[in-house]
Structure formats: C-alpha cells, structure tokens
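Visitor: I'd like to go over a predicted model; first the sequence, then the structure.
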Amino acid sequence: MTEPITEPVAETAPRQAWAGWDTVIRIGGVVVSILATVVTAFIELELTALRSGGFGQLFAGRSPWSGSGAAIPLAIPIAVAANLAISWFAVTTTGRRWALGPPWALWTLLMLAAAGTRTAEGDYLIGATNWVALVTILVGSLTFAVYSYRMILRPTDRRLSGSV
C-alpha cells in the first residue's frame, strides 16, 4: 500500500505585533494620569471645605458645604491615596520615571492656583484659615516627592541588583 503524496506545509513565521503599541501605551498612560490628576485635585479642593455641620445640612436636604462646625480633614488622606495611585499608574504604564513629573507639576500648579485665586466677591478660594486645604497642599505634594525619592533609591534594573 502506498501512502498518499502530500505537499510540504510551508512554515509561516509568527505574526509580529505592531512595534508602535509601546508608544501608544506610554502616551495613553501619561494622558490618563494627567486627567486623573485634574479630577482628583478638584475633588480634594471641594473636600477641604467640608465641615461637621455639613452632615446635618445634608440630612435637611441642603448642600453639605453650607454647614458650620469643625473642619473634617477628609481631603488629606484622599490626597495621599490618590497621588500615590496616580504616581504608580504613571510610572508603571509608561515604564519611565519621568512620567511622574507631569502629574506632580499639574497637581501642584492647580493647588497653588486655587490658593491664590480670588472669587468675584474678593475672597480667596482657599483661605489662610482653612488648615485642611493648607495641609492637603503640603501632604499631597510631599506624597509625590516621597514616591519620587523611593524611585531614586530603587535600582533601575532589578537583575543587576541581585533581587528577582
């Protein structure tokens, strides 16, 4: 019995991914981190005005920012958590340490602009008596600085440092 004659199958090389995806992902990572910075900065600025009497106003059906009482420092831990997350995201998606710079600079500029801007009535958006806003600006910028410092201490190539 003879075996049927078959033609040799040509081996095809595996299809290569488009080399430009790396650049697209890096640009997208920077853009998303900048958008996240703008959104979280405005949320943090809104939360700096939150007072304990605002909860009573909320239950009465009015705005929680119209109440009085002690300041609630909710903006401070939110600034730390959000800025750490933005820092991690920017550096991880781009694979570059410089990606921490644009969100850090933008966040700081937004906060300083809010601290120096006057309303139509002549009031500052962030007054000198709003300690929550001042501490939020300090701690939020320090969060970026500490993340940057920790990146400086970390070696760039883990294989060279002996860790896996």
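Guide: Structure received. Please read all numbers here as calculations on a predicted model, not as lab measurements.

Visitor: contacting residues for the closest residue to A75 other than its chain neighbours?
Guide: Leaving aside its chain neighbours, A75 sits nearest to L47 (3.8 Å; criterion: CB to CB, 6 or more residues apart in numbering). The C-beta positions use only the backbone N, C-alpha and C, and glycine is treated the same way. By CB atoms under 8 Å, 6 or more residues apart in numbering, L47 lies in contact with 74-75, 78.

Visitor: Just the buried subset of those residues, written out for ChimeraX, thanks.
Guide: In ChimeraX, this line selects whichever of the contacts of L47 come out buried by 16 or more other CB atoms under 10 Å:
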select :75,78
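
Visitor: Show the pLDDT at the residue nearest to A75.
Guide: At L47, the predicted lDDT confidence score is 89.

Visitor: likewise A19?
Guide: 70.

Visitor: Tell me the backbone dihedrals of N130, please.
Guide: Listed backbone geometry of N130 is phi -90, psi 90, with angles given as degrees, to the nearest 10.

Visitor: and the gap between it and T93?
Guide: When distance is defined by CB to CB, to the nearest Å, N130 is 34 Å away from T93.
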